[in-house]
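Visitor: quick one, structure for this:
(one chain, ligands or ions: 1)
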Amino acid sequence: MVAFIHVMVQSTSMGDGGLRDLRNVESSSFDLGGGLGSFYSEFNHPKASWFHDKEKSYVIAPALGNETARALLGQSTWRLIHTTMARFPLKPTENEKMALKQFIFLLSRLYPCGDCAQHFQQLLQEFPPHVDSRYDAEQWACAAHNRVNKRLGKELLDCSTVRSLYDCGCKS
Ligand SMILES: Cc1cc2nc3c(=O)[nH]c(=O)nc-3n(C[C@H](O)[C@H](O)[C@H](O)COP(=O)(O)OP(=O)(O)OC[C@H]3O[C@@H](n4cnc5c(N)ncnc54)[C@H](O)[C@@H]3O)c2cc1C
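Guide: Predicted structure coming up:
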């Protein structure tokens, strides 16, 4: 974790040039000494052993009973997820692919509706994030959202329309 923070500090203190340099750091340079580094390799394992290690995957927040809070949180989070995918690089580096996986899996632990987070972890186990390109990422997020919609009895979205909905981050 210390190494991760160090990289983030470096990138912000070096301005644009520094950020560009760090975009090309390959995944092996993100060896975080048994912390998130081992989390990545375990997660990339075909059997996703990370999910079976309850110490590493447990959901942190309690259940969220308030329906209004739950809906507002869901709407904002879906917006964040879809806009992140729509602005993800067309051809991401290994480092960027790993960052997106990390983001989604840590979200599944930290999502502040704990019972939703449990469902989300189950979904990720069956349907892990696709991160090889912007198109793959946005289609994955749309399909994941549709799985949640289906479970909650909501309408499904036609995923061929998803890019036009979120590409500028300004969907009303
Ligand atoms: C990871 C996650 C897990 C969740 N798990 C639960 C849960 O277990 N139980 C629970 O009660 N709630 C859960 N929620 C909240 C739930 O998904 C909704 O956000 C909430 O019920 C509000 O629904 P909504 O009808 O306003 O639209 P939302 O589902 O919030 O969608 C917001 C807007 O996104 C657009 N949209 C709809 N489908 C798609 C799609 N497939 N792709 C792109 N855009 C789309 C539509 O314009 C829609 O109005 C979860 C949310 C997240 C982010």
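Visitor: for the residue nearest to residue 136 when sequence neighbours are not counted, what are its contacts?
Guide: For residue 136, ignoring the flanking residues on the chain, the nearest one in space by CB to CB, 6 or more residues apart in numbering is residue 130 at 4.0 Å. Glycine gets a C-beta too; all of them are placed from N, C-alpha and C. Residue 130 makes contact with 136-137, 139-140 under the criterion CB atoms under 8 Å, 6 or more residues apart in numbering.
Visitor: ok, stretch 65-74 near the ligand or not?
Guide: Yes - using CB under 6 Å from any ligand atom, stretch 65-74 reaches the ligand at 70-71, 74.
Visitor: okay, and for this structure, where does confidence drop off?
Guide: Low-confidence segments of the chain (pLDDT under 70): 1-52, 169-172.
Visitor: now do 90
Guide: Applying pLDDT under 90 to the chain picks out residues 1-58, 163-164, 167-172.
Visitor: around the ligand, pick out the residues from it.
Guide: Proximity of the chain to the ligand (CB under 6 Å from any ligand atom) is limited to residues 70-71, 74-75, 77-78, 82, 111, 116, 119-120, 142, 145-146, 148-149, 152, 154, 157, 162.
Visitor: now the buried members of the residues you listed.
Guide: 70, 74, 77-78, 82, 111, 116, 119-120, 142, 145-146, 162 (16 or more other CB atoms under 10 Å).
Visitor: in this structure, what residue is nearest the ligand?
Guide: Ranked by CB to the nearest ligand atom, the top residue of the chain for proximity to the ligand is residue 74, at 2.1 Å.
Visitor: which one's the longest helix in the protein?
Guide: Secondary structure assigned by DSSP state H gives helix 67-86 as the longest helix of the chain.
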